[in-house]
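Q: Okay, predicted coordinates and the sequence, questions at the end:
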Protein chains: 2
Amino acid sequence: MKVFIVHAHPEPQSFNGALTLHAQEVLRAAGHEVRVSDLHAMKWNPVLDRHNFTTVANPDYFKPQQEEMHAAQHHGFAPDVQAEMEKLQWCDVLVFQAPLWWFSLPAILKGWVDRVFAMGFAYGGGRWFDRGVFRGKRAMLSLTTGGGDSFYAPDGINGDINDLLYPINHGIFYFCGFDALPPFLSYAPARVSDTQRAAYLAAYGERLLTLDTVKPLSYPPLAAFDETFRRRAG
Amino acid sequence: MKVFIVHAHPEPQSFNGALTLHAQEVLRAAGHEVRVSDLHAMKWNPVLDRHNFTTVANPDYFKPQQEEMHAAQHHGFAPDVQAEMEKLQWCDVLVFQAPLWWFSLPAILKGWVDRVFAMGFAYGGGRWFDRGVFRGKRAMLSLTTGGGDSFYAPDGINGDINDLLYPINHGIFYFCGFDALPPFLSYAPARVSDTQRAAYLAAYGERLLTLDTVKPLSYPPLAAFDETFRRRAG
């Protein structure tokens, strides 16, 4: 497998850092290839604006999707964006490694998506969901949380973790054709014992070696929806 | 009312721009006070790292919440963060004006939350949800979308808009004590008629004048959860 880890934590010694280090060791020892984009180390700029492009479709009005379509046709993405696009094309499996901040991705990682998953490159022209650009590839969230697992239970105070992650798993990964895999969650690593942290790392290592076989989350195909994009009856 | 609009769109002439301009006119004409943080115009940096602070709690290991608690006690937030915190304290109503990008906030706005909603300032010490720091204040999302309203219906292809926005309304606004108001949605402004766009603006103006009376979204109080933060039986 070719695994692309997009890593987003400001502290290299953090548990997120340990997870990404362990992932590289485990995957390489098993003969897989790994590339890592360490967004803080790269000083990644998460803001989508005209700096995303070397081309200009409309100098008078900046419409991101219009500029993206134009750039996709004219090799007009900025070099930092282009480099990430090439890693996406290279990989079999995409992994986001990050802390859950405000029940979503840290801004530096959200902005990696905003900029890299451009129209004309990652979707567009009827290519979405099960007809998506990246179909055949898989994607997984590996997230750490502040609260414990009970906070994220179906009846937990923060809401069901699967519902909280739906906008990412369905709306980013599956939208672009990835098979979204069940997330790997390390709950409250700052608050648990060394033994539990070691158990998280071991479990993550085992999960990584099954990235190509684990059953994806189940989402409906495009054919399940009518011409207004609502569910067909029956 | 004192209304604080956090505005996040890279094109001033966009429909998001029109909504924020209209909001200022309508609210001021009715005698309300308005402040706007135009994040792209301000060149807001959305990345939470050591630049968020003028103080250092732990030079050897960067743990955001630890640095936030320390900064809150020692006037240690960077000037750009401090300025936003003061606007939050000033306002009665907080409005986020943005396009829905990847079923969530644009990174520049997500990173405004990551940096400004700091522990020790916006939450912490048992102050969350209905005991939150900002209780008594209200907050509302005003969002534009690419897809039409049917895409976001309960049986729509993108998922129910209320479920998609739960991590923001519940997890950011209500988490910090705001009464989260029903979102104002302008569906597909780039694809609808001039008449429909004018109707959106008119409806937004009407909504803004009821910000202090509209019924908030209903979320359970802390007392509904047990000591593991799961719903109490019965």
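A: Arrived safely, thanks for sending. Every value quoted in this text rests on a predicted model; they were computed, and no experiment measured them. Numbering: from 1, shown residues only, chains lettered A, B, ... in the order given.
Q: got the contact list for the one residue sitting closest to the centre of chain A?
A: In chain A, the centroid-proximal residue (Cα atoms, centre = their mean) is A:Phe96; its distance is 4.5 Å. By Cβ atoms under 8 Å, 6 or more residues apart in numbering or on different chains, the contact set of A:Phe96 is A:Val6, A:Ala8, A:Leu105, A:Leu109, A:Ala139, A:Met140, A:Leu141, A:Ser142, A:Leu143, A:Ile168. For glycine as for every other residue, the C-beta is placed from the backbone atoms N, C-alpha and C.
Q: one more time with 10 Å, if that's ok
A: By Cβ atoms under 10 Å, 6 or more residues apart in numbering or on different chains, A:Phe96 lies in contact with A:4-8, A:105-106, A:109, A:112-113, A:139-143, A:168, A:172-173, A:183.
Q: ok, and of those residues, which contact chain B?
A: Among those, the residues within reach of chain B (Cβ under 10 Å from any Cβ of the partner chain) are A:Ala8, A:Leu105, A:Pro106, A:Leu109, A:Trp112, A:Val113, A:Ile168, A:Ile172.
Q: Turn those into a markdown table, columns for neighbour count.
A: As requested, the ones next to chain B among the contacts of A:Phe96 are exported to a markdown table (neighbours: other Cβ atoms under 10 Å in any protein chain shown):
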| residue | neighbour count |
| --- | --- |
| A:Ala8 | 26 |
| A:Leu105 | 30 |
| A:Pro106 | 29 |
| A:Leu109 | 26 |
| A:Trp112 | 25 |
| A:Val113 | 23 |
| A:Ile168 | 26 |
| A:Ile172 | 23 |
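Q: Which ones among these map onto helices?
A: A:Leu109, A:Trp112, A:Val113, A:Ile168 (DSSP state H).
Q: I'd say the second one and A:Phe4 touch.
A: No - using Cβ atoms under 10 Å, A:Trp112 is not in contact with A:Phe4; the gap is 11.6 Å.
Q: overlap in contacts of the two?
A: With Cβ under 10 Å, 6+ apart as the test, A:Trp112 and A:Phe4 both reach A:Ser37, A:Glu84, A:Phe96.
Q: Any idea what the last one is bridged to?
A: Each beta-bridge partner of A:Phe96 is listed here: A:Val6, A:Leu141, as defined by DSSP bridges.
Q: ok, A:Phe175 - how many residues close by?
A: A:Phe175: 25 surrounding residues under other Cβ atoms under 10 Å in any protein chain shown.
Q: dump the residue contacts of the residue lying closest to it once chain neighbours are set aside.
A: Leaving out its chain neighbours, the residue that sits closest to A:Phe175 by Cβ to Cβ, 6 or more residues apart in numbering or on different chains is A:Trp128, at 5.7 Å. By Cβ under 10 Å, 6+ apart, the residues touching A:Trp128 are A:Ala122, A:Tyr174, A:Phe175, A:Cys176, A:Gly177, A:Leu222, B:Ile157.
Q: Tell me where the model's unsure across chain A.
A: Under the criterion pLDDT under 70, the flagged ranges of chain A are A:234.
Q: let's see it at 90
A: A:233-234 (pLDDT under 90).
Q: List buried residues within the contacts of A:Trp128.
A: The neighbour-count test (16 or more other Cβ atoms under 10 Å in any protein chain shown) marks A:Ala122, A:Tyr174, A:Phe175, A:Cys176, A:Gly177, B:Ile157 as buried among the contacts of A:Trp128.
Q: if you look at those residues, which of them are in strands?
A: Applying DSSP state E to the buried ones among the contacts of A:Trp128, no entry is found in strands.
Q: Just flag the most distant two among these.
A: Pairwise distances across these (Cβ to Cβ) peak at 17.2 Å, for the pair A:Ala122 and B:Ile157.
Q: just the helices in chain A please.
A: Using DSSP H, helices in chain A cover A:15-29, A:64-73, A:79-90, A:107-116, A:161-164, A:166-168, A:194-208.
Q: how about a markdown table for the ones you listed, with distance to B:Pro12 added?
A: Listed next are the helices of chain A as a markdown table, based on distance: least, Cβ to Cβ, whole Å:
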| stretch | distance to B:Pro12 |
| --- | --- |
| helix A:15-29 | 37 |
| helix A:64-73 | 14 |
| helix A:79-90 | 23 |
| helix A:107-116 | 19 |
| helix A:161-164 | 33 |
| helix A:166-168 | 27 |
| helix A:194-208 | 45 |
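Q: nearest to B:Gln89, of those?
A: helix A:107-116 (22.3 Å).
Q: Who are the packing partners of the closest one?
A: With contacts taken as 3 or more Cβ pairs under 10 Å, 6 or more residues apart in numbering or on different chains; DSSP states H and E, helix A:107-116 sits against strand A:2-7, strand A:33-38, helix A:64-73, helix A:79-90, strand A:93-99, helix A:166-168, helix B:107-116.
Q: can you tell which of those is closest to B:Ala18?
A: Among those, the nearest to B:Ala18 by Cβ to Cβ is helix A:64-73 (16.9 Å).
Q: mind listing what's buried in that closest one?
A: Going by neighbour count (16+ other Cβ under 10 Å), the buried part of helix A:64-73 is A:Pro64, A:Glu67, A:Glu68, A:Met69, A:His70, A:Ala71, A:Ala72.
Q: Let me know the angle separating that helix from strand B:93-99.
A: Angle, helix A:64-73 to strand B:93-99, by axes from the mean of the first three to the mean of the last three Cα atoms, to 10 degrees: 30 degrees.
Q: ok, A:Met42 - how many residues close by?
A: 15.
Q: Phi and psi next, for it.
A: Main-chain torsions, A:Met42, degrees, to the nearest 10: phi -80, psi -10.
Q: what's the residue lying closest to it once chain neighbours are set aside in contact with, if anything?
A: Distances taken as Cβ to Cβ, 6+ apart place A:Asp80 nearest to A:Met42, at 7.9 Å, with adjacent residues excluded. Contacts for A:Asp80 were tallied using Cβ under 10 Å, 6+ apart; they are A:Met42, A:Lys43, A:Trp44, A:Asn45, A:His51, A:Asn52, A:Trp112, A:Arg115, A:Val116.
Q: ok, the residue nearest to A:Leu222 when sequence neighbours are not counted - how many residues close by?
A: Among residues not flanking A:Leu222 along the chain, A:Phe129 sits closest, at 5.1 Å (Cβ to Cβ, 6+ apart). A:Phe129 has 21 neighbouring residues, counting by other Cβ under 10 Å.
Q: Might you report the residue contacts of the nearest residue to A:Tyr123 once chain neighbours are set aside?
A: Excluding the flanking residues, the one nearest A:Tyr123 by Cβ to Cβ, 6+ apart is A:Cys176, at 5.5 Å. Applying Cβ under 10 Å, 6+ apart to A:Cys176 gives the contacts A:88, A:94, A:113, A:117, A:121-123, A:127-129, A:132-135, A:137, A:139, B:102.
Q: ok, now A:Tyr200?
A: Per Cβ under 10 Å, 6+ apart, neighbours of A:Tyr200: A:Phe15, A:Ala18, A:Leu19, A:His22, A:Thr144, A:Phe184, A:Leu185, A:Ser186, A:Tyr187, A:Pro189, A:Val192.
Q: right, and A:Gly159 touches A:Leu100 too?
A: No - using Cβ under 10 Å as the test, A:Gly159 is too far from A:Leu100 to be in contact (11.8 Å).
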